[in-house]
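Show me how the following folds:
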Amino acid sequence: MKVIDKIALVLIIIGALNWGLIAIFNFDLVAALFGDMSIISRIVYGLVGISGLWGIKLLFDD
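Numbers count the residues shown, from 1 in each chain. Predicted coordinates for the structure are as follows:
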């Protein structure tokens, strides 16, 4: 597994855990750490989204 694949996987896991926290406890960890829709939060959300797209590639790799 390449380094970029591992980074993408970590970001996908962070995103999944954050969505789980939102669903179960109504708590947004990214917003709590970096501020509600601050530039850093938006970057984190963007990176998680891009990683999700990269994860589609990982799904079909042999």
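
CA only for contacts and neighbour counts going forward, please
Fine.

remind me which residues of the chain are low pLDDT?
Scanning the chain for pLDDT under 70 picks out 62.

repeat that for 90
Filtered on pLDDT under 90, the chain yields the residue ranges 1, 58-59, 61-62.

could you pull out the strands for it?
All residues of the chain lie outside strands when identified by DSSP state E.

Identify the residues contacting Leu21.
The contact partners of Leu21, by CA atoms under 8 Å, 6 or more residues apart in numbering, come to 27-29.

now these in a markdown table, with neighbour count and distance to Ala16?
Converted to a markdown table, the contacts of Leu21 look like this (neighbours: other CA atoms under 10 Å; distance: CA to CA, whole Å):
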| residue | neighbour count | distance to Ala16 |
| --- | --- | --- |
| Phe27 | 14 | 13 |
| Asp28 | 17 | 11 |
| Leu29 | 18 | 11 |
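
Output stretch 44-57 as PDB - backbone C-alpha positions only.
The C-alpha trace of stretch 44-57 is given here as PDB (Å, rounded to 0.1, in the frame of the first residue of the first chain):
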ATOM      1  CA  VAL A  44     -10.100  19.000   6.800                       C
ATOM      2  CA  TYR A  45     -13.600  18.400   5.400                       C
ATOM      3  CA  GLY A  46     -12.300  18.900   1.900                       C
ATOM      4  CA  LEU A  47      -9.400  16.500   2.500                       C
ATOM      5  CA  VAL A  48     -11.800  13.900   3.900                       C
ATOM      6  CA  GLY A  49     -14.000  14.300   0.800                       C
ATOM      7  CA  ILE A  50     -11.100  13.900  -1.600                       C
ATOM      8  CA  SER A  51     -10.000  10.900   0.400                       C
ATOM      9  CA  GLY A  52     -13.400   9.400   0.000                       C
ATOM     10  CA  LEU A  53     -13.100   9.700  -3.800                       C
ATOM     11  CA  TRP A  54      -9.600   8.200  -3.600                       C
ATOM     12  CA  GLY A  55     -11.100   5.300  -1.600                       C
ATOM     13  CA  ILE A  56     -13.200   4.400  -4.600                       C
ATOM     14  CA  LYS A  57      -9.900   3.700  -6.400                       C
END
